[in-house]
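> how does the following fold in three dimensions:
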Amino acid sequence: MRFALFLLAVASSYSQVVSGQTARDPQEVLSQARAKLREMTGRLEKYACIETIERQYFQHVTPDVEPALVRAPAPTCKAAFASQNRLREDSTDRLRLEVTVSQGREIQAWPGATQFDARGVDEIVRQGPIGTGAFGTYLLGVFENPSVVFTYSGEKLDEGKSVMEFTYRVPVEVSRYRVKVGADWQVVAYDGAFWVDPVTLQMRRLTVHSSELPPATTICDASTTLEYQLLRVGDNELLLPKQSRMHIVLASTRETQNTTTFSDCREYHAESSLLFDDRPDTELPSVKPIVRAPLVLPIGLPVTLALTAPLDTSTAAAGDIVSAKVLKAVRRPGAAQDLIPAGATVKGRIARLEHHLFPEPYFVIAISYNRVELGGVSSPFAARLESNNQPTAGQGFESRPRARGLEFWDIGTFVFPSSKSRYVLPAGYESKWFTLATR
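Sure, this is the predicted structure:
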């Protein structure tokens, strides 16, 4: 399953009404909250945060055939909504990205990268549902859109405090909510609600919903709920969600939920510059500046690698940096000089980190190594995993994304059957690889 859902504009405002306070005019509250929100979102380009996305995949099950999973006989939205009370969690995965805002749109990079990526997030994350908006462009879109109509709905309780609720609707003619259909983008209408504190003007909650999605997406319904908080970053406060939940119902009677949280936020300094990286995601930059060295690797030389630190599936995520030590010197057959000495450090990233529950429980960990450090110099490195380490057929999954060919040849995929809720690869875990040609 692969699709990209981009929520590039959305409404919001601030919520929380203190019991006993003198009633205020809702339109006045909305106007002041919008002004405060614009001032806050105008500073977003100065900040970057790490976003961790936990994705859950649910499958329709037939009670008479428990615990076997069966597909719905016809992929229709009517069948999907009818089966919502018969869903079982099928698998989970986790990924981590760095995010900021530039020119009114969210841009991403792998954590620790020296540059942000110029491509869309759907080109960086090739599998599963992915979207943008939670970091800030949900807020930017609606409040800078003069055609959005807001309606006051009344007061509600939020954690024992009274809040003002407003609703909004964005018609397709002025919408910036885009869904990817194949290789094309299609604009759709959306609506939602938000809660505002009339005293502090702080947003507490925002919802985004669209059911008017193109049939070609096979998405029946998409909704996002964001719970907001103020975070102190540097000398200023930053409005970010405590968490954002994006829920998608598919015509195939599958459902997904993305839970996004933010951490490690930082402020750019005046001497910093925002750069863009157009290189493919198989050429992942390391934290250190990349220095092209004269090291040239031929294809087919064996390399035995050992992890330098444990890899725990309960905390690790796709995008995290991993490193390994070269256990045996790498040299050309018959050559006296080592190309890579024993003890050299090889670095890369986790490409996939998944936990599958059916038909049998197992973990998938995929790693791509792309740099070797020799004498303080970082040089290109590429390798493929020995076939004996590769997953066997019949595990019920694909070891690489479909139709990607050699682009994913340098990603080694490990499968670990386990009924436990976590799996830990210990420091020193060994795997055998073969070099791919570099130049």
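> helix/strand/coil for residue 192?
Assigned with DSSP: H, G, I helix; E, B strand; the rest coil, residue 192 falls in the strand class.
> correct me if wrong: it contacts residue 165.
No. Counting by Cβ atoms under 8 Å, residue 192 stays clear of residue 165, with 10.9 Å between them. Every C-beta, even on glycine, is put in place using the N, C-alpha and C of the backbone.
> ok, those two, which is more surrounded?
Here residue 192 and residue 165 are compared on neighbour count by other Cβ atoms under 10 Å; more neighbours surround residue 192, at 24 against 21.
> gap between that one and residue 162?
Between residue 192 and residue 162 the computed distance is 20 Å (Cβ to Cβ, to the nearest Å).
> residues in contact with residue 201?
For residue 201, the residues meeting the contact criterion (Cβ atoms under 8 Å, 6 or more residues apart in numbering) are 14, 29, 32-33, 36.
> just the element for it, please.
According to DSSP states H and E, residue 201 maps onto no helix or strand at all.
> can you show me the strands along the stretch 101-250 of the chain?
105-109, 116-117, 149-158, 161-170, 177-181, 184-188, 190-196, 203-210, 219-233, 236-250 (DSSP state E, counting those that start in this stretch).
> helices or strands up against the first one?
Judged by 3 or more Cβ pairs under 8 Å, 6 or more residues apart in numbering; DSSP states H and E, strand 105-109 is in contact with strand 87-102, strand 116-117, helix 121-124.
> ranking those by burial, who's on top?
Looking across those with neighbours counted as mean count of other Cβ atoms under 10 Å, the highest average goes to strand 116-117: a mean of 20.
> list the helices and strands it packs on?
Other elements packing on strand 116-117 under the criterion 3+ Cβ pairs under 8 Å, 6+ apart are strand 87-102, strand 105-109, strand 276-277.
> for those strands, which has the smallest mean pLDDT value?
The stretch with the lowest mean pLDDT among these is strand 276-277, which comes in at a mean of 40.
> pLDDT on the helix or strand following it, on average?
Along the chain past strand 276-277, the next helix or strand (assigned with DSSP H and E) turns out to be strand 302-307. Along strand 302-307, the predicted confidence averages to a pLDDT of 97.
> stretch 311-328 now?
Averaged across stretch 311-328, pLDDT comes to 97.
> the host helix or strand of residue 348: partners in the sheet, and parallel or antiparallel?
In this assignment (DSSP H and E), residue 348 forms part of strand 345-356. In the sheet containing strand 345-356, its partner strands are strand 87-102 (antiparallel), strand 321-326 (antiparallel), strand 362-374 (antiparallel), by DSSP bridges.
> just the C-alphas of it, formatted as PDB.
Extracted in PDB, the C-alpha atoms of strand 345-356 (Å, rounded to 0.1, in the frame of the first residue of the first chain):
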ATOM      1  CA  THR A 345      33.600   2.600  10.900                       C
ATOM      2  CA  VAL A 346      30.800   2.300   8.400                       C
ATOM      3  CA  LYS A 347      27.700   4.500   8.800                       C
ATOM      4  CA  GLY A 348      24.200   4.500   7.300                       C
ATOM      5  CA  ARG A 349      20.600   4.600   8.200                       C
ATOM      6  CA  ILE A 350      17.700   2.400   9.100                       C
ATOM      7  CA  ALA A 351      15.500   2.100   6.000                       C
ATOM      8  CA  ARG A 352      12.600   0.200   7.400                       C
ATOM      9  CA  LEU A 353      11.600  -0.800  11.000                       C
ATOM     10  CA  GLU A 354       8.300  -2.800  11.100                       C
ATOM     11  CA  HIS A 355       6.500  -5.100  13.400                       C
ATOM     12  CA  HIS A 356       4.100  -7.500  11.700                       C
END
